[in-house]
Every structure is written in structure tokens, then in C-alpha cells.
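**Q** model the following, please.
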Amino acid sequence: MIAKLILSTVLVYGCALAIDRGEEVRLWPNGAPGSEGETAAEVFESAPNSKLPKRFTVVHYPSIYVFVAPPEKANGIAVVVAPGGGHSQLVIDKEGWEIADWLNRNGIAAFVLKYRLARAPGSKYTVERDALADAARAVRTVRSRAAEWGVDPARIGFMGFSAGGEVTALIETRFDAGNAGASDPVERANSRPDFAAAIYPGFKPGTITVPKDAPPTFLMCTDEDRSHVVTTVNLYLDLEKQGVPAEMHIYASGAHGVGMRPSHLPVATWPDRLRDWMVDRKLLNE
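**A** Residues are numbered from 1 along each chain as shown. Okay, here's the model as predicted:
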């Protein structure tokens, strides 16, 4: 039994090490629903000295970028990360790659989501249909391939920033158990995140209805970010009304879109509060 466990662990780590950091995995290899037959190129801005794009302004082929945790730190937790950008772009460096780095440093596998943009010029997509479908498929993909990526299928979270925070609010309230009879094994997987983090989320009032089985949620914004603080507080209150465990941090100062970049402001310490919350939820050890 011990030999089998050791062999299994070695195989998992071997698979993880074989994955290129930031490898892109399309969520629907044959085309996403609503994008069937699409042949147009995506539009992105390249980042200097990096193989990873800095910003997307047109997305047709939703995907996740895989950042497995270092084997010596890996704890089995995974987080799907949805960058912001007002649904007209994806600020995928600051709210994607940099977040993946922080997660990996804490032993957490990161899967940065490239979702379709509902407000890009000429877009045919919508947030509630296409971006939500991309988020659900991302969670299902990570859960269905958990063994390959060395993660626990019962400890998969979802974190989003700004517009990505809206995507987070949608997937944590509109998940489903999967289709047991689907021919596609990914579609058989549950799309419910096991926990969520909505960071300065933005969405229209009345568009989010919280069910009683929504996952535990961490929320953060700044009071200076007036349009998003109201959304954050309302989501917290809706979670509380349903008895869903939630923790909220509102910092006095800090512009919208702070990400995890260093600053002299107290808001720069919010990642520490997120880690504390994860320890409190027994997702992480001290």
C-alpha cells in the first residue's frame, strides 16, 4: 500500500513537472458554445521579455493557463483566476500572472482564465451566457483533470478581480452538479467552486441571487473605489442572509485595480488577510 502511494505521488509530481509554466489549455478544443465556427484571430498585447500576453482585447477561444505549484510546496489546493478589465479587455498580467505567482508561492495551483469579452467592440458575447459558461467550464476542467495536475477535486476555488469579480459572483451562485450522462467527461464534473474570493467586484444591482449552498467567500475592496464598494458590501450582506460564511475587508485608501502590487498603503496587505482566511477555513496550514 505504501509503495503504491509513493508511486502515485511520484507520478503526479512527474506529470506536474512535465507541464510548461503558463501552458495554455483550451476549454473546448473544438470550439466553445456560441463560438462554433469562429476563425478570427484573438487580439492581445505582448509583454516584453515574456512568452505570456500582457493584455487581451478580443477573445474567441476561452482557455486556462496552467501554473502548477512547486512540488515541494504543493498542498493540493487549486484556484481559477479571472482577471478584470471591464469585460472589454483582460488585464491578464496584473490580475492573472502576478496572482498565479502569489498562489504558487503559497503551494496553490493557479489556473488563469481567459474568458470571452462581452463589451469588446463588436462583441457578440454576453457576461451571463458566455463568460459564465467559460468560468463553469474552467472549474469542470480543473476538477476533471485534478489527478493530472496534482490537486484535490474538493478544494478548487475561484478568484476574480473587478469584472472577473462579477464572473466570480456568477459562478459561485449559478453552478450545477454536471451532466452525469454527458459524452464529454468534463461536462460530467460539478462546476461549484469550493470557495471563492471576489476582489473589488463590479456588477449591476439585482443581477446576483445567492443560494444557501454558495461557497464560503472572501471579499475585498477599498472605500475610495466608490462604485465597487457598494457591490462588495451588498454581496457580503446577501451571503450573510443565506448563512454562507463570508469575510470582508474594506480599506480606506487605494484606487480601483490595486491587484497584488506593492504599495505604501495598508491595502497592499490584503493578500495576507486572504491567506489568514484560508488558514481559518482550514484550506491552508499556518
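**Q** what segments of this structure are helices?
**A** Counting by DSSP state H, the chain has helices at residues 2-18, 98-105, 132-144, 146-149, 163-171, 226-241, 270-280.
**Q** helices or strands up against the fourth one?
**A** Contacts of helix 146-149 with other secondary structure elements, assessed using 3 or more Cβ pairs under 8 Å, 6 or more residues apart in numbering; DSSP states H and E, are made with helix 2-18. Placement of C-beta: from N, CA and C, glycine included.
**Q** what mean pLDDT does the helix it packs on have?
**A** Averaged across helix 2-18, the pLDDT comes to 41.
**Q** rewinding a little: mean pLDDT lowest for which of the helices of the chain?
**A** Across the helices of the chain, helix 2-18 gives the lowest mean pLDDT, at a mean of 41.
**Q** in CSV, list the helices of the chain along with mean neighbour count and distance to Arg155.
**A** Formatted as CSV, those follow (neighbours: other Cβ atoms under 10 Å; distance: least, Cβ to Cβ, whole Å):
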stretch, mean neighbour count, distance to Arg155
helix 2-18, 12, 15
helix 98-105, 19, 13
helix 132-144, 25, 10
helix 146-149, 18, 9
helix 163-171, 29, 16
helix 226-241, 17, 20
helix 270-280, 17, 10
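**Q** out of those helices, flag the one nearest Asp194.
**A** helix 132-144 (9.4 Å; Cβ to Cβ).
**Q** quick one, what contacts the residue nearest to Thr222 when sequence neighbours are not counted?
**A** Spatial nearest neighbour of Thr222, excluding adjacent residues (Cβ to Cβ, 6 or more residues apart in numbering): Gly254 at 3.8 Å. Residues in contact with Gly254, defined by Cβ atoms under 8 Å, 6 or more residues apart in numbering, are Thr222, Glu224, Asp225, Ser263, Leu265, Val267.
**Q** kindly report the same for Leu103.
**A** Neighbours of Leu103 in contact, by Cβ under 8 Å, 6+ apart: Phe67, Ala69, Val79, Val81, Ala109, Ala110.
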